[in-house]
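A.B. asks: A structural model of the following input is requested.
(one chain, ligands or ions: 1)
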Amino acid sequence: MSVILRFYEELNDFLPRHRRRKSFSVPYTEPRSVKDLIESLGIPHTEIDLILVNDASVGFDYLVKDKDRVAVYPMFESMDITAVSKLDRPPLRHPEFVADVHLGKLVRRLRLLGFDCLYNKEWRDRELALISAQSQRILLTRDVGLLKRQIVTHGMYLHSDDPSKQLREVVHRLHLKNRIQPLARCLLCNGPMRKVPKEKVRGRVPEKTYAYTDEFLECENCKKIYWKGTHWKRLQEIIRNALS
Ligand SMILES: [Zn+2]
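C.D. replies: Numbers count the residues shown, from 1 in each chain. This is a model prediction of the structure:
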């Protein structure tokens, strides 16, 4: 028995060259779910938004039949397909993230744009998967194996290893353009920031800064003080890059 598969758009990056952007046949012997079959070819289920079998939308647990034609689509950038897709994945209205240990630079950039992103160098795969599942956070990683874990429902594979490009991937794929809130999160600890009256930061920032700056922000969690001078220019640059 065999099925014919075709993967679309960036899902092809997970495939060996000879299987990219074309239909190919895959044999199977025992009953298999479409999810299992797709993951055995190297594509994590978190990257998939729509599966059509013989032109009808199916869920991950669909058992493939001999000669099925399976078309697999990634997260759509410009279309809302929640009404069509049978994949049972609760929608996330406020995207929040947890990132794996290799993504420290991306994490700082996401926080700079105001996105809630948990990160801890000590967290191993098991913990990351669990945190993602329990708190409904999108798991960011370049580790395909991590995204294949059963409990991970919301994940995102980053195709680039460059932090600026990764940020662009996240912003574009998840439509975050209009959700950017510069300086809403602490870069160090992810805590929310709030404005503080100038007199409250006296002695906590360099004297010169105090003299020339009027607006200060403080992390509610770790109490670190921020002001536009230090981060503002870099922040503008990162935002411009993320939107480009
Ligand atoms: Zn903080």
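A.B. asks: ok, Cys189 touching Asn120?
C.D. replies: No. The criterion here is C-beta atoms under 8 Å, and Cys189 misses it with Asn120 at 10.5 Å. (Glycine included, C-beta is placed from N, CA and C.)
A.B. asks: Contacts made by the longest helix along the chain with the rest, please.
C.D. replies: Ranked by residue count under DSSP state H, the longest helix found in the chain is helix 228-243. Among residues not part of helix 228-243, those counted as contacts by C-beta atoms under 8 Å, 6 or more residues apart in numbering are 109, 112-113, 164, 167-168, 171, 177, 180, 182-183, 187, 209, 212-213, 215.
A.B. asks: make it 7 Å
C.D. replies: For helix 228-243, the surrounding residues in contact (C-beta atoms under 7 Å, 6 or more residues apart in numbering) are 109, 112-113, 164, 167-168, 171, 177, 180, 182, 209, 213, 215.
A.B. asks: Any chance you could give me it in CSV, C-alpha atoms only?
C.D. replies: Extracted in CSV, the C-alpha atoms of helix 228-243 (Å, rounded to 0.1, in the frame of the first residue of the first chain):
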residue,chain,number,x,y,z
LYS,A,228,15.0,56.0,25.5
GLY,A,229,18.6,57.0,25.2
THR,A,230,20.1,53.6,25.6
HIS,A,231,17.8,51.5,23.6
TRP,A,232,15.8,53.8,21.5
LYS,A,233,18.0,53.9,18.4
ARG,A,234,18.7,50.2,18.3
LEU,A,235,15.0,49.5,19.0
GLN,A,236,13.9,51.6,16.0
GLU,A,237,16.4,49.7,13.9
ILE,A,238,15.1,46.4,15.0
ILE,A,239,11.5,47.3,14.4
ARG,A,240,12.3,48.6,10.9
ASN,A,241,14.1,45.3,10.2
ALA,A,242,11.3,43.2,11.6
LEU,A,243,8.7,44.9,9.4
